[in-house]
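K.L.:
one predicted model, sequence on top.
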Amino acid sequence: MTTQDFIGKENFTIHTQTVSESCPSNIALIKYWGKYADQIPANPSISYTLNHCKTNTSMEFTANETFSVQTFLAGNEEVKFAEKIEKYFRNIEQYLPWILKGKYIIRTENTFPHSSGIASSASGFGAIAKCLMALDASFTGKNSEEESLRKASFLARLGSGSACRSLYNGLVVWGKTHEVEESSDLFGVQYPDAEVHEVFKNFNDWVLLIHEGQKSVSSTVGHGLMNTNPYAERRFQEARENFVPMKEILKNGDMERFIKLVEHEALTLHAMMMMSDPAFILMKTGTLEVINKVWDFRRETGMSLFFTLDAGANVHLLFPSNGSEEQIKNFIESELLQHTQKNGVVKDVMKF
Ligand code: PMV
């Protein structure tokens, strides 16, 4: 499929309407870091969609008014966010030709703490794209569920790259790779369920909130710094290559190799930040303390507790949900929670 396939229908009848949608966040296992124009990823990525961390959004569209956007986050007006959404809507007009023909009031709430540093852009843009597709269905006639989800993923990508993976449950791939049929740089696709071992279909993700609040360097700036990073090409190549073992691992349930690959991806992401010019470090002391304790715990117990990181200091603690995770949970509570800012942990699962 190409961008042309997403051009919107010129026949539409608009009317005033409010729609509400919900979309979860996701956590990447093979990371997207670095992009080309129009939000085309420099390498393919794969993520787990979370079950509990979500954004709930309502979009009130008043037809035939001058185009404007007002946004409220947990009841508080957010002018900066409204400006961002306004720009985004102008940018996607060719895909939704009715989009600038009215005014919007958008109310959004996250089910996870606002200041947690958990990326709300993925769930946020996912929910907005779903709202837009709900309006589109009522203005232009309904598309199939599959088409509508694919276009929502396409539109979410144009808001925030990784958001395009949040439209689907389970494991989701974004970026063209020969290892996954139908994969595309333009939208996310669900990783085939039949190719996933049972052990990966019920997993915990406990997010330790090491540092709450604003990050020192945004994702947008971070992606941009890959343009001049001397290791970037090698990194993109490695991410592409990592799909080969990942596919085998997901099929045969090899937990040891999975842990090694996922942790390597997380550390590589942060290594890229350290090798950028200017260099930056998003990990905090607590991040490193937790990583070392997780490694010690694994060495001592042989249990499958491991970590991944997104573009921030928080640690996503991953462990299978197989009925024998009590010891892991106790260890997290007694040894790792102390490295968070305010005993903050968000307990999520990936079950599909
Ligand atoms: O979607 P963005 O631009 O916020 O980038 C997200 C990048 C990472 O979270 C670090 C990795 C990923 O693949 O989600």
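P.N.:
Structure's in. What do you need?

K.L.:
run the chain-centre distance for stretch 187-198.
P.N.:
When distances are taken as CA atoms, centre = their mean, to the nearest Å, stretch 187-198 is centred 16 Å away from the chain's centroid.

K.L.:
for the chain, list the residues in contact with the ligand, please.
P.N.:
28, 31-33, 45, 119, 121, 160-162, 219, 223, 269, 310-311 (CB under 6 Å from any ligand atom). Heads up, the C-betas are built off the backbone N, CA and C, glycines and all.

K.L.:
so which of those belong to helices?
P.N.:
Judged by DSSP state H, the subset of the residues of the chain next to the ligand located in helices is Ser121, Ser219, His223, Leu269.

K.L.:
looking at those residues, which is nearest Val79?
P.N.:
Closest approach between those and Val79, by CB to CB: Ser121, at 17.2 Å.

K.L.:
count of residues packed around that closest one?
P.N.:
20 (other CB atoms under 10 Å).

K.L.:
residue contacts, the nearest residue to Thr177 once chain neighbours are set aside?
P.N.:
Spatial nearest neighbour of Thr177, chain neighbours left out: Pro44 (4.0 Å); criterion: CB to CB, 6 or more residues apart in numbering. Pro44 is in contact with Ile30, Val173, Trp174, Gly175, Lys176, Thr177, Val180, Ser183, Ala239, Arg240, Phe243, counting by CB atoms under 8 Å, 6 or more residues apart in numbering.

K.L.:
how about these in a markdown table, adding distance to Met133?
P.N.:
Below are the contacts of Pro44 laid out as a markdown table (distance: CB to CB, whole Å):
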| residue | distance to Met133 |
| --- | --- |
| Ile30 | 27 |
| Val173 | 21 |
| Trp174 | 18 |
| Gly175 | 22 |
| Lys176 | 23 |
| Thr177 | 26 |
| Val180 | 24 |
| Ser183 | 21 |
| Ala239 | 29 |
| Arg240 | 30 |
| Phe243 | 29 |
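
K.L.:
give me the neighbour count for whichever residue of the stretch 51-200 of the chain sits closest to the ligand.
P.N.:
Nearest residue of the stretch 51-200 of the chain to the ligand: Ser162, at 3.2 Å (CB to the nearest ligand atom). Counted with other CB under 10 Å, the neighbours of Ser162 add up to 28.

K.L.:
tell me the contacts of the closest residue to it other than its chain neighbours?
P.N.:
Once flanking residues are discounted, Ser162 sits nearest to Ala122: 5.0 Å by CB to CB, 6+ apart. Under the criterion of CB under 8 Å, 6+ apart, the neighbours of Ala122 are Ser25, Asn26, Ser160, Ser162, Ala163, Arg165, Ser166.

K.L.:
same deal with Leu305?
P.N.:
Leu305 is in contact with Val294, Phe297, Arg298, Leu317, Leu318, Phe319, Ile328, Phe331, Ile332, counting by CB under 8 Å, 6+ apart.

K.L.:
can you do 6 Å?
P.N.:
By CB atoms under 6 Å, 6 or more residues apart in numbering, Leu305 lies in contact with Val294, Phe297, Phe319, Ile328.

K.L.:
may I ask which of these has the most neighbours?
P.N.:
Per-residue neighbour counts (other CB under 10 Å) across those peak at Val294, which has 24 neighbours.

K.L.:
okay, Ile210 and Leu317: tell me how far apart.
P.N.:
11 Å (CB to CB, to the nearest Å).

K.L.:
equivalent analysis for Leu167, please.
P.N.:
Counting by CB to CB, the gap from Leu167 to Leu317 is 25 Å.

K.L.:
so those two - more neighbours on which side?
P.N.:
Leu167 (32 against 23).

K.L.:
next, the contact list for the nearest residue to the more buried one once chain neighbours are set aside, please.
P.N.:
Nearest non-adjacent residue to Leu167, counting by CB to CB, 6+ apart: Ser153, 4.3 Å away. Neighbour list for Ser153: Cys164, Leu167, Phe187, Gly188 [criterion: CB under 6 Å, 6+ apart].

K.L.:
please identify the helix or strand for Ser153.
P.N.:
For Ser153, the element it lies in under DSSP states H and E is helix 145-159.

K.L.:
mean confidence for that helix?
P.N.:
Helix 145-159 shows a mean pLDDT of 97.

K.L.:
how about that helix: buried residues?
P.N.:
Buried positions in helix 145-159, judged by neighbour count with 16 or more other CB atoms under 10 Å: Ser148, Leu149, Arg150, Lys151, Ala152, Ser153, Phe154, Leu155, Ala156, Arg157, Leu158, Gly159.
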